[in-house]
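**Q** sequence plus predicted model, see below.
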Amino acid sequence: MSRQPPAGPSLANPPLPLFASGMGLGGLALVWDAAARSWGWPAAIGDGIGLVAAAMFALLAVAYAVKAVRFPEAVREEIAHPVQVNFLPAISISLLLFGALLAPGAAATWLWGSGAVLQLAFVLGIVSSWLRRQLDWTALNPVWFIPAVGNIIVPVPAAQAGYLEVAWFFFTIGLFFWLILMTLCYYRLIFGPNLPEFLQPTLVILLAPPAAACIAWVALHDGGDPGIVGRLFYYMGLFTFLLLLLHVPKLVRVPFYPSWWAYTFPLAAFTIASFHYTQLYVPAVRWATMGLVFLSTAVIAAVFATTLAVLLRGHRAAG
């Protein structure tokens, strides 16, 4: 038996970044859930996407567990890598989103609760590794936001279930690290060397923190008026979205990498934030939010289909 997994992503060698698919598909399910509640669109669409998200997550979890048994050294290398380790919280964030998709109850609490515990463990471990190791500053990139974003998502299901202190605890952690990493990351992007091609899609992750913070802030205020702070979060997200649009011509030329999944959750989160904001303040432009729903769906469907094709093709080649 080979001690090294087959080259390239496949079902026999699922790379850690592919767990971001649970975030992207789970986020899209929440987008369609919001569309069903706000506009009366078919709820079955969101339910179906949620099932696909859960199935994809389960498939990857089993495949990665098999990889860990067969190629433990490869898994250890991924977790020790200063960039790839930041995808570990994609697992806990996916559980949080799946819990948010369910109606309040024991199953939902178990899902998002286990996701919150796992998220805290991941953040403590990752931040501890940052403090222990003397990392090259060029290793810093938007992927480092993923651990911070996970904390900001916890308040959404936690506040809805009545666990307000838990919600505020995680929101505080997420906000703290977002502000720090935002400053460091923009400094690195402006004054450091350009990101390598396979990391170019991660630029879109910059959209996730303000969008998720807006959603969490609304949840912390029982779905009501987000006030000045909510406005700041949303308009920071809107500015980032417009800024990223200027990079689309460059991004569409990037060939497939697992980092393509970086396009998905941030776009879904911004769409959900737009639901809240336009309904409260500018209902006349709900057509823009509808456009975001279709844009999110098209992008995530394209990434999902491409990923499946690559995994299946790589699996057949490895076999």
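**A** Cool, the structure landed.

**Q** so where does Thr109 fall, helix or strand?
**A** helix 106-132 (DSSP states H and E).

**Q** could you tell me the angle between the very next helix or strand once past that helix and helix 106-132?
**A** Using DSSP H and E, the helix or strand that follows helix 106-132 towards the C-terminus is helix 145-153. Interaxial angle of helix 145-153 relative to helix 106-132 (axes from the mean of the first three to the mean of the last three Cα atoms, to 10 degrees): 140 degrees.

**Q** from the contact counts, what lies against helix 145-153?
**A** Secondary-structure packing of helix 145-153 (3 or more Cβ pairs under 8 Å, 6 or more residues apart in numbering; DSSP states H and E): helix 89-101, helix 106-132, helix 164-191, helix 208-220. Using the backbone N, CA and C atoms, a C-beta is placed for each residue, glycine as well.

**Q** before we move on, back to that, and the helix holding Thr109, how far out from the chain's middle?
**A** The chain centre lies 14 Å from the centre of helix 106-132; the measure is Cα atoms, centre = their mean, to the nearest Å.

**Q** now it: average pLDDT?
**A** Per-residue pLDDT over helix 106-132 has a mean of 94.

**Q** quick one: buried residues of that helix?
**A** 108-109, 111-113, 115-116, 118-120, 122-123, 126 (16 or more other Cβ atoms under 10 Å).

**Q** just stretch 47-67 next, same as before
**A** Applying 16+ other Cβ under 10 Å to stretch 47-67 flags Ile49, Gly50, Val52, Ala53, Ala54, Met56, Phe57, Leu60, Ala63, Tyr64, Lys67 as buried.

**Q** repeat for stretch 178-197
**A** Trp178, Leu181, Met182, Cys185, Arg188, Leu189, Leu195.

**Q** which one among those residues gets closest to Cys214?
**A** Of all the buried residues of stretch 178-197, Trp178 has the smallest distance to Cys214: 12.1 Å, by Cβ to Cβ.

**Q** the closest one: what's it in contact with?
**A** The neighbours of Trp178, taking Cβ atoms under 8 Å, 6 or more residues apart in numbering as the test, are Phe145, Ala148, Val149, Ile152, Pro209, Ala213.

**Q** if I look at it, how far off is Ile205?
**A** Trp178 is 11 Å from Ile205, where distance means Cβ to Cβ, to the nearest Å.

**Q** what sits in contact with each of these two?
**A** Phe145, Val149.

**Q** tabulate the buried residues of helix 106-132 (TSV), appending distance to Gln134.
**A** Listed next are those as TSV, based on distance: Cβ to Cβ, whole Å:
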residue	distance to Gln134
Ala108	42
Thr109	41
Leu111	38
Trp112	36
Gly113	36
Gly115	31
Ala116	31
Leu118	28
Gln119	26
Leu120	25
Phe122	22
Val123	20
Ile126	16
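
**Q** what's the most distant pair in those residues?
**A** Ala108 and Ile126 (26.3 Å).

**Q** any stretches of this structure with poor pLDDT?
**A** 1-4, 6-7, 314-319 (pLDDT under 70).

**Q** which other helices and strands contact the top helix by length along it?
**A** The residue-count maximum for a helix in the chain (DSSP state H) belongs to helix 286-318. Applying 3+ Cβ pairs under 8 Å, 6+ apart, we find helix 286-318 packed against helix 20-39, helix 264-280.

**Q** TSV for the ones you listed, including distance to Pro255 and mean neighbour count?
**A** Converted to TSV, the helices and strands packed on helix 286-318 look like this (distance: least, Cβ to Cβ, whole Å; neighbours: other Cβ atoms under 10 Å):
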stretch	distance to Pro255	mean neighbour count
helix 20-39	18	24
helix 264-280	17	25
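
**Q** what's the closest of these to Gly230?
**A** Across those, closest to Gly230 is helix 264-280 (Cβ to Cβ), at 7.8 Å.

**Q** helices or strands next to the closest one in the packing?
**A** helix 20-39, helix 208-220, helix 227-245, helix 286-318.

**Q** how far does the third one sit from the chain's center?
**A** Read that as helix 227-245. Averaging C-alpha positions (Cα atoms, centre = their mean) puts helix 227-245 17 Å from its chain's average.

**Q** tell me which other helices or strands it touches.
**A** Partner elements for helix 227-245 (3+ Cβ pairs under 8 Å, 6+ apart): helix 208-220, helix 264-280.

**Q** could these go into a markdown table alongside distance to Phe233?
**A** Below are those laid out as a markdown table (distance: least, Cβ to Cβ, whole Å):
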| stretch | distance to Phe233 |
| --- | --- |
| helix 208-220 | 4 |
| helix 264-280 | 8 |
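
**Q** quick one: closest of those to Gly174.
**A** Comparison of those against Gly174 by Cβ to Cβ identifies helix 208-220 as nearest, at 7.4 Å.

**Q** what angle sits between the closest one and helix 264-280?
**A** Using the same axes, to 10 degrees: helix 208-220 against helix 264-280 is 50 degrees.

**Q** of the buried residues of stretch 47-67, closest to Val156?
**A** Gly50 (15.0 Å).
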